[in-house]
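In: Below: sequence and its predicted model.
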Amino acid sequence: MSSTAPAGITAGIDWNNPYTTLRRPTFARNVVSTSQPMAAQAGLRILLAGGNAVDAALATAITLTVVEPISNGIGSDAFAILWDGKELHGLNASGRAPAGWTPEYFASIAPGKKSMPMRGWNSVTVPGAVSAWRDLSQRFGRLPFARLFEPAIEYAERGFLVSPFIASRWASQIDELKSQPGFAQAFMPGGRAPTTGELFRHPEQARTLRMIAESNTDAFYHGELAQAIADHAKANGGVMSKADLAAHKNDWVSPIHMDYRGYRVHEIPPNTQGIVCLMALGILSHFDMASIPVDSAQSAHLQIEAVKLGMADAARHVGDPRSMALVAADLLNPAYLAARAALIDPNRAQDFGHGTPPRGGTVYLTAADAEGMMVSMIQSNFAGFGSGVVIPGTGISLQNRGNGFSLEPGHANQVAPGKRPFHTIIPGFVTRDGKPVMTLGLMGGTIQAQGHTQLMVRMADYGQNPQAAIDGPRFRIVQGMEVNFENFPAGVLENLAQRGHKVVELAPGYMDFGCSQIIRRLDDGYMAASDARRDSLAVGF
């Protein structure tokens, strides 16, 4: 019996999975998939209550701030790409630098320092996730906004049992963050991180979520919570003001895209790194990847080199589009990408000069409903708990996206008032012939664009189904010639080392090889795949 799909939208997909996996995909007409089971089920509850895919995605996102605080929080940023049943929409809900963040300000607080702070108030840009919830609900949601908060508030008030994965990552961040203002009081009950199976309650966070829901987010950007954020910044060496919060607004954007093997891959335009994936795919289109065995040294080598080229350009040219000398179309120009592809030596690794990638901490979620709406959404505090700053009495943990700025004079990503930093978080979406095919995302800092590329090569070049693509081995470029590898055979690693790749061990406690979720459209319903690397779960009905 053939293992490939019959004729139709899923033609050519190999439903066999050659990899050892702890996950099985979910097939249903309404689906939700994310990195934490309780959050996925929160989205499912909303679908069962009559909500659509946007309602489900938002309930999932809001619940994730409670049950997976190691990666995101109320003070996160967010991005989304969604298919409303007729067309594609993109939302950039990343925050901007406070008005006081001039280059001179950072020169005065840290003379001679060449990089932005990683922790503390001077790493915090205006949080955008809360506004993403509001804008997506207002434009596309079906249920009342406050209804979407009910599962999250319930978990914050009554508590949730901490999983082994979350407990380990929570504990690994304590030593670095315990001195940050507000962190220990909020996330170190009894002076430590919660242990596996322990009940963690956060009633202050429940109160905050209720205030945001009842005020339609006004409390966060203009009211009591905004004042608390501004007061805490002033008391702890920050310059974020209530005016900075009030000035925040999101942008509806047109996703940028790259055609690859009959698919069109869509990403949010700069200030995100999504363009790295598109550039890498444009470069790989000049190689006959399907003729090269999957998981071979040659296949991995070409993908690594293509991604390096994309990362090198992003590090130099990408930032807030208002400050970029180039536009996205310049970097995606076919002739330019052909010239970049010609730089790749099929037998030798090269250092194309990209910088050291920062660490990452993020949640990705996706939902789709029986009416055809599909949502790809990501929100993040950046490095785990982010800045480590928590607003007392609120449970609001704040991202450290300001670390993504450059202090280099004249750089496209140089810090400036009201400017958005370079962002690692990217939701992905794939269409074919103008019709939706799948949502995809992969959390974990700079591996995200690398992971999008690897997932697309597996599905488009090798015909793998989404679950197999997720379960397959991954690489993660560190810097220069250094690359982390996961689950590749020893012989492949030896071959890659002979080509000049420096095979290095993944640092303990790092954000590993990411966590992916994919929803693939079928002729009738969807296939939802989730990643066994974390607590992920795909659910549906």
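Out: Sure, I can see it. Numbers count the residues shown, from 1 in each chain.
In: Adjacent strands (with direction) for the lowest-mean-pLDDT helix or strand in the chain?
Out: The weakest-scoring helix or strand in the chain, judged by mean pLDDT, DSSP states H and E, is strand 361-368 (a mean of 89). Within its sheet, strand 361-368 is paired with strand 31-34 (antiparallel), strand 374-382 (antiparallel), according to DSSP bridges.
In: starting at the chain centroid, how far to the shortest one?
Out: Here the centre of strand 31-34 is set off from its chain's centre by 15 Å, with Cα atoms, centre = their mean, to the nearest Å.
In: After that strand, which helix or strand is next?
Out: helix 37-48 (DSSP states H and E).
In: Now do that next one against strand 374-382, angle only.
Out: 150 degrees (axes from the mean of the first three to the mean of the last three Cα atoms, to 10 degrees).
In: Run the angle between the following helix or strand past helix 37-48 and strand 361-368 for me.
Out: Sequence order places helix 53-67 as the next helix or strand after helix 37-48, per DSSP H and E. Relative orientation of helix 53-67 and strand 361-368, computed by the same axes, to 10 degrees: 150 degrees.
In: re the thing from before, same list (the strands paired with strand 361-368) but as JSON lines, adding distance to Ser530 and mean pLDDT.
Out: Where you see a C-beta, it was placed from the backbone N, CA and C, and this is true even at glycine. Below are these laid out as JSON lines (distance: least, Cβ to Cβ, whole Å; pLDDT from 0 to 100):
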{"stretch": "strand 31-34", "distance to Ser530": "5", "mean pLDDT": "98"}
{"stretch": "strand 374-382", "distance to Ser530": "14", "mean pLDDT": "95"}
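In: As CSV, the ones you listed with distance to Ala230 and mean neighbour count would be great.
Out: Converted to CSV, these look like this (distance: least, Cβ to Cβ, whole Å; neighbours: other Cβ atoms under 10 Å):
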stretch, distance to Ala230, mean neighbour count
strand 31-34, 32, 34
strand 374-382, 19, 31
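In: So the residue most central in space within the chain: helix, strand or coil?
Out: For the chain, the residue sitting closest to the mean C-alpha position, by Cα atoms, centre = their mean, is Ile425 at 3.6 Å. Ile425 falls in the coil class when you classify it by DSSP: H, G, I helix; E, B strand; the rest coil.
In: pretty sure it contacts Gln379?
Out: Yes - with contact defined as Cβ atoms under 8 Å, Ile425 counts as touching Gln379 (7.4 Å).
In: Quickly list what's touching both of those two.
Out: Asp77, Ala78, Phe79, Thr362 (Cβ atoms under 8 Å, 6 or more residues apart in numbering).
In: Can you show me the strands along the stretch 251-400 of the chain?
Out: Chain-ordered strands for the stretch 251-400 of the chain, with DSSP state E, counting those that start in this stretch as the definition, fall at 251-253, 256-260, 263-267, 361-368, 374-382, 390-391, 396-397.
In: Can you work out which other helices and strands pack against the last one?
Out: Put plainly, it is strand 396-397. helix 183-187 (3 or more Cβ pairs under 8 Å, 6 or more residues apart in numbering; DSSP states H and E).
In: how near is the residue lying closest to Val294 once chain neighbours are set aside to Ser291?
Out: In this structure, Val294 finds its nearest non-sequential neighbour in Tyr462, 4.5 Å apart by Cβ to Cβ, 6 or more residues apart in numbering. Tyr462 sits 11 Å away from Ser291, going by Cβ to Cβ, to the nearest Å.
In: neighbour count winner among those two?
Out: Using other Cβ atoms under 10 Å, the more surrounded residue of Tyr462 and Ser291 is Tyr462, with 18 against 9.
In: Thanks a lot, see you next time.
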